[in-house]
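J.: missing the sequence, but the structure's below:
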């Protein structure tokens, strides 16, 4: 990761596609769990904003970035604004899909989106970042700008609620 | 229920991003120019764009992506233009002027950008010589620079360099597929390139009316209104002026 940051610092345009390749799966999956159908647009916009921000940063700042947590800060901000105001979405340059090129959705995705929806926003984000995305607590704390202890407690209580919900479903 | 059942199921929500996400990001950031194909009078053309505006127009035939990369040093890939531009590109190609469509001329000198800006104001169906553009841009001696700017116009059809002719009035070269396409476009727009060539070959560059005492470029809307018996032809601005004729205020010869 430090390698990638120093490559970004010396050649942003040449190295940025690597950032997308490295994080696109987790950003897309995480946003799909949090924001549902618009995950692809939001993931695209996350990386476009990340690129524009990096363009403004000096190389020292880029070298010191905690890249993964930083990307997630952008993704979560977009997700929040998106939830707040779906009508004012930014203009995106979308690509026509090639049919059959993509993986199918997990079969129980819809059920899980509904269960996660029932959590408070901070629990939902913490649970998704920890267990769907696989982010460490330090990065989650940075991405959410909350103390690590609070984030751990949110994950813990979130899982507990999910467990109760699922027991009620049975 | 065991908590590990829940965390296992949450982990299974992790999947792969859509295969075209990377390309969408590359186009959206401008790392790669997007392109769409449009049907025009000259057949199918490729129009490329980045987040700032349209970057090039080329014929769609053959290895268009390879030609773009060789010329601009960037890659291009098929993409939908940002929604407000999709219609404007079609209109700009049809009318032969940018209108409200943004054109990104980054990498061209400010001087060349100004020349292209003036070329974009030449009305449909009319032509102006290099020397006129040089005058308008404030460098009367720069006719050759104008010619070279037209030859390197990245957005032909949208900035209508087909309406710019040699300083002696001959139709001249055209970057988008050669002079035949220039003749075809001018004919389609209602100019008469054959008549313009004849006039130029005979050494005449301006047309005046002995009824109004005004002289014009031959395709100026005012020149076209002159009745046959009133037409006077001039070889130069000096000869028109010494015959007592005034410059047309519309085409500013």
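T.: Right, received. Where do you want to start? None of the values given here were measured: they were computed from a predicted structure. Numbering: from 1, shown residues only, chains lettered A, B, ... in the order given.
J.: the domain parsing of the chain - what is it?
T.: Since no chain was named, I'll use chain A. Structural domains annotated on chain A: A:1-103, A:109-170, as defined by automatic domain parsing.
J.: was after chain B, sorry
T.: Listed by automatic domain parsing, the domain ranges of chain B are B:26-95, B:108-202, B:204-253.
J.: Let me know the average pLDDT across the longest one.
T.: Spelled out, that is domain B:108-202. Averaging pLDDT along domain B:108-202 gives 96.
J.: Now the terminal residues of it, how far apart.
T.: Domain B:108-202 has an end-to-end distance of 36 Å (C-alpha to C-alpha, to the nearest Å).
J.: cool, and the shortest one?
T.: With C-alpha to C-alpha as the measure, domain B:204-253 spans 13 Å from end to end.
J.: about what we covered before: closest one to chain A among the domains of chain B?
T.: Chain A lies closest to domain B:26-95 among the domains of chain B, at 4.3 Å (C-beta to the nearest C-beta). For the C-beta atoms, the positions are set from N, CA and C on the backbone; glycine is no exception.
J.: Between its first and last residues, how far does that closest one reach?
T.: 31 Å.
J.: Spell out whether that domain and chain A are in contact.
T.: Yes - contact of domain B:26-95 with chain A (C-beta under 8 Å from any C-beta of the partner chain) involves B:26-29, B:31, B:34, B:51, B:78-84.
J.: and those residues, which two are the farthest apart?
T.: Farthest-apart pair in the residues of domain B:26-95 next to chain A is B:31 and B:84; separation 21.7 Å (C-beta to C-beta).
J.: between those two, who's got more neighbours?
T.: residue B:31 (19 against 11; other C-beta atoms under 10 Å in any protein chain shown).
J.: so the more buried one, which of the three states?
T.: Of the three states, residue B:31 takes coil under DSSP: H, G, I helix; E, B strand; the rest coil.
J.: Tell me, how many residues neighbour the nearest residue to it once chain neighbours are set aside?
T.: Take residue B:31 and drop its neighbours on the chain: the residue closest to it by C-beta to C-beta, 6 or more residues apart in numbering or on different chains is residue A:13, 5.8 Å away. For residue A:13, the neighbour count with other C-beta under 10 Å is 15.
J.: Could you point out the helix or strand that follows the strand or helix carrying residue A:13?
T.: Here residue A:13, judged by DSSP states H and E, is contained in helix A:12-35. Once helix A:12-35 ends, the next helix or strand along the chain (criterion: DSSP H and E) is helix A:39-56.
J.: Could you pull out the buried residues of that following helix?
T.: A:39-51, A:54 (16 or more other C-beta atoms under 10 Å in any protein chain shown).
J.: What about chain B: which of those touch it?
T.: Answer for the buried residues of helix A:39-56 near chain B (C-beta under 8 Å from any C-beta): A:40, A:43, A:44, A:45, A:47, A:48, A:51.
J.: could those residues go into JSON lines alongside distance to residue B:116 and pLDDT?
T.: Shown next, in JSON lines, are those (distance: C-beta to C-beta, whole Å; pLDDT from 0 to 100):
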{"residue": "A:40", "distance to residue B:116": "37", "pLDDT": "88"}
{"residue": "A:43", "distance to residue B:116": "37", "pLDDT": "94"}
{"residue": "A:44", "distance to residue B:116": "32", "pLDDT": "92"}
{"residue": "A:45", "distance to residue B:116": "33", "pLDDT": "93"}
{"residue": "A:47", "distance to residue B:116": "33", "pLDDT": "97"}
{"residue": "A:48", "distance to residue B:116": "29", "pLDDT": "95"}
{"residue": "A:51", "distance to residue B:116": "29", "pLDDT": "97"}
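J.: Closest to residue B:230 out of those?
T.: Nearest to residue B:230 among those, with distances taken as C-beta to C-beta, is residue A:48, at 61.3 Å.
J.: shouldn't that closest one be in contact with residue B:27?
T.: No - at 9.4 Å, residue A:48 does not count as touching residue B:27 under the criterion of C-beta atoms under 8 Å.
J.: who touches residue A:127 in this structure?
T.: Shown in contact with residue A:127 (C-beta atoms under 8 Å, 6 or more residues apart in numbering or on different chains): A:116, A:119, A:154, A:155, A:158, A:159, A:162, B:10.
J.: What of residue B:202?
T.: Contacts of residue B:202 by C-beta under 8 Å, 6+ apart are residue B:233.
J.: Angles on the backbone of the closest residue to residue B:244 other than its chain neighbours, please.
T.: Among residues not flanking residue B:244 along the chain, residue B:213 sits closest, at 6.5 Å (C-beta to C-beta, 6+ apart). The phi/psi pair for residue B:213 (degrees, to the nearest 10) reads phi 70, psi 30.
J.: next one: the one 3 residues further on
T.: Backbone torsions of residue B:216, given as degrees, to the nearest 10, read phi -140, psi 170.
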